[in-house]
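Undergrad: coords please:
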Amino acid sequence: PARLRAMSPQALSNTAWAYATARHPAPALLEAIAVEAAPRLGEFNTQALSNTAWAYASAGHAAPRLFDALAAEATRRLPDFSPQGVANIAWAFATARHPARPLFDAIAREAPARLSSFREQHLSNLAWSFAIAPTSAVSTAPALFDAIAAAAVPRLGEFTPQGLTNLAWAYAEVAHPAPELYEAIGHRIGSAPERHPTSCLTTVLWAIAAAGGAPRAERLDAVAEALAARLDECADQELCNAAWAFAVFDHVPRSELFGAHFGARCEALSARFSRSGLCQLHQWRIWAAERALHEGMPSPRLLERCHSAFEDGSATASSLQRAVGDGLAALGLRVEEEVQLSSGYSLDFVVDWRGQRLGVEVDGPSHFVGEAPSGRTMLKRRQLRSLGWRVAPVPYLEWNGLAQAGSPTPSPDLEVARQQQPQQQQRLAYLA
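TA: Numbering: from 1, shown residues only. Reported below is the predicted structural model:
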C-alpha cells in the first residue's frame, strides 16, 4: 500500500492494465490498486480512466466502489474522452455488469454527434455494450442506435468478421429496427461468405431473421453453400442458428446444407445443445416437414429432446394477456387459456368462434421490432397456420390505442359491449 500511494495515477492505471493484458491473476494487487485509485480519479486523465475500467473488466475483478467512482468521473468528463475511450468505458461497464445508468445516458447523448470519428471496432463495441449492459439505457438510446447504423452502413467493408458479428447481434438483441443495416450486412456476407467464419455467418443469419428481415435468395444460397462445405467447423449453437434462420426466411437452400451431413453433425454435438438451441431445432423440424425435407433429420431420440424442450417452456400471463382474456370472457365466449398443442406450440387463448376453434395470440412489445413483427412472431404465426390453425393476433399497440381518436366503434350486435365503459367497449368491439 505504501508503494501504491507513491505511484502516479498513470502508473496505477498502467499496472492494472498490464496484469489484465497479461492475464496474470493478481487479485490482492488489483484490490489494493482499486482502494488507492478510487479517491484519486480526479487526477487521472481520460485515457487512464478508460484503461483502468477496461483492466478490471478484462480481469473479471469486481471492484464496485472503484466502478462507482469511475462512473461518476467519466460521466462528468465524457466530452473529453477520445472515441476509443468512450467505446472502452462502455465496454468495461457492460462487461463488468456494473449498473451505471447515468453514464450510459450520457454516452447515448454525447456519442451520436461524434460517430464519424469512431473506428469500425469502436462502433461495434459501443452497440454491443449497450445491448448487454444491465441498465444500458436502451429505452433512451434509439437515437444512438440509429446513428451507429447510419455510420456503419457505408463502412461495413472495413469491419472485421467479429465486428460485423457483434454489430448484427447487438441490434437483434435490443430489437432495434435497422432495415438498411441488415440489408447491408446481408449483402456483405452473401457476397463473399468464404471470407467469414461460420460463427459470423450463422450469427448474422440469426440476427437478420430475429429482426424479421430477409436477405435476397441468391445471398442466402451463397451462405448456405459456404456453410454446407464447412459443417464440421460449426459449433452446436451455430447449427441451431442457421437452421432456425432458414426456417424464419422460409427459404429452401439450393445446396445440401440440410442434407445427411447436417443430421450427422447434429448427432455428433447433441450433448452440447442448450434448451434454446433444441427449441430452435424443433421449429426448424416443423418447417422442414412443411417443405418435405427429410434427409437431414437427426435421430428420433434427438428430435424428441427438441420437442420436449420446446413444450416445456413456462408461460406467465402478462397484464395485457389477462385484459384480453377478460374481454373475450365478457363477450360470452368459452375461453381456454394457455392451450398446449401437439406440435409443442401453445396458444394464449382458444375460443369457439362462429362454429370454429380460433386461436388468439396476445402480442406484447417483445413480439415486435419497432412496429413490425419479429422473426420469432412471424414464424409462429406461419407455422400455426400450416398446422391448420386460424389465429387472431392482438398486437399491444392496437389494443392500447383503441381508446384514442379513430379507434373502432362498437359493433351494433354486441349487446355486452354496449354495457361497458367506452374504452372497454372499443376493446370488446375490436375482439369481435
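Undergrad: With just CA atoms, put the helix or strand containing residue 393 into CSV.
TA: Taking DSSP states H and E as the criterion, residue 393 maps to strand 390-395. What follows is strand 390-395, C-alpha atoms only, in CSV (Å, rounded to 0.1, in the frame of the first residue of the first chain):
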residue,chain,number,x,y,z
ARG,A,390,-56.8,-20.0,-37.6
VAL,A,391,-55.1,-17.5,-35.3
ALA,A,392,-56.1,-13.9,-34.5
PRO,A,393,-53.2,-11.8,-33.2
VAL,A,394,-53.9,-9.0,-30.8
PRO,A,395,-51.0,-6.6,-31.1
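Undergrad: Just checking: what are the partner strands of that strand?
TA: strand 356-363 (parallel) (DSSP bridges).
Undergrad: downstream neighbour of the partner strand in the secondary structure list?
TA: Towards the C-terminus, the helix or strand next in line after strand 356-363, according to DSSP H and E, is strand 368-369.
Undergrad: about what we covered before: now the next helix or strand after the strand holding residue 393: mean pLDDT?
TA: Beyond strand 390-395 in the direction of the C-terminus, DSSP H and E gives the next helix or strand as helix 396-400. Taken as a whole, helix 396-400 has a mean pLDDT of 88.
Undergrad: From the contact counts, what lies against helix 396-400?
TA: Based on contacts counted as 3 or more C-beta pairs under 8 Å, 6 or more residues apart in numbering; DSSP states H and E, the elements that helix 396-400 packs against are helix 319-330, strand 356-363, helix 422-431. The C-beta positions use only the backbone N, C-alpha and C, and glycine is treated the same way.
Undergrad: For the helix ranked longest in the chain, could you pull out the residues that count as buried?
TA: If each helix of the chain is counted by residues according to DSSP state H, the longest one is helix 275-290. By neighbour count, and taking 16 or more other C-beta atoms under 10 Å as the criterion, the buried residues in helix 275-290 are 277-288.
Undergrad: counting contacts, what elements does that helix pack onto?
TA: Helix 275-290 sits against helix 236-249, helix 300-311, helix 375-386, with contacts defined as 3+ C-beta pairs under 8 Å, 6+ apart.
Undergrad: so residue 218 makes contact with residue 190?
TA: Yes - distance between residue 218 and residue 190: 7.1 Å, which falls inside the contact criterion (C-beta atoms under 8 Å).
Undergrad: re earlier: which one of the helices and strands packed on helix 275-290 lies nearest to residue 115?
TA: Taking C-beta to C-beta as the measure, the helices and strands packed on helix 275-290 were each checked against residue 115, and helix 375-386 came out nearest at 27.3 Å.
Undergrad: May I have the closest one exported as PDB, CA atoms only?
TA: The C-alpha atoms that make up helix 375-386 are tabulated as PDB, following Å, rounded to 0.1, in the frame of the first residue of the first chain:
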ATOM      1  CA  GLY A 375     -38.900 -13.100 -36.800                       C
ATOM      2  CA  ARG A 376     -40.000 -15.300 -33.900                       C
ATOM      3  CA  THR A 377     -43.500 -13.900 -34.100                       C
ATOM      4  CA  MET A 378     -43.700 -14.300 -37.900                       C
ATOM      5  CA  LEU A 379     -42.500 -17.900 -37.700                       C
ATOM      6  CA  LYS A 380     -45.000 -18.900 -35.000                       C
ATOM      7  CA  ARG A 381     -47.900 -17.300 -36.900                       C
ATOM      8  CA  ARG A 382     -46.900 -19.000 -40.100                       C
ATOM      9  CA  GLN A 383     -46.300 -22.400 -38.600                       C
ATOM     10  CA  LEU A 384     -49.600 -22.400 -36.700                       C
ATOM     11  CA  ARG A 385     -51.400 -21.600 -40.000                       C
ATOM     12  CA  SER A 386     -49.600 -24.500 -41.700                       C
END
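Undergrad: between that helix and strand 356-363, how many degrees?
TA: Taking axes from the mean of the first three to the mean of the last three C-alpha atoms, to 10 degrees, helix 375-386 and strand 356-363 form an angle of 180 degrees between their directions.
Undergrad: list the helices and strands helix 375-386 packs on?
TA: Applying 3+ C-beta pairs under 8 Å, 6+ apart, one finds that helix 375-386 contacts helix 198-210, helix 236-249, helix 275-290, strand 356-363, strand 390-395.
Undergrad: For residue 115, which residues are in contact?
TA: Under the criterion of C-beta atoms under 8 Å, 6 or more residues apart in numbering, the contact list for residue 115 reads 123, 147-148, 150-151.
Undergrad: Let me fix that, I meant to ask about residue 275.
TA: Contact analysis of residue 275 by C-beta under 8 Å, 6+ apart lists 309, 312.
Undergrad: got it, and residue 74?
TA: With contact set as C-beta under 8 Å, 6+ apart, residue 74 has these partners: 46, 49-50, 53, 81, 89, 103.
Undergrad: What degree of burial does the nearest residue to residue 334 once chain neighbours are set aside show, as a neighbour count?
TA: By the measure of C-beta to C-beta, 6 or more residues apart in numbering, the closest residue to residue 334 outside its immediate chain neighbours is residue 352, 5.7 Å from it. Other residues within reach of residue 352, judged by other C-beta atoms under 10 Å, total 12.
Undergrad: Thanks again, I'm all set now.
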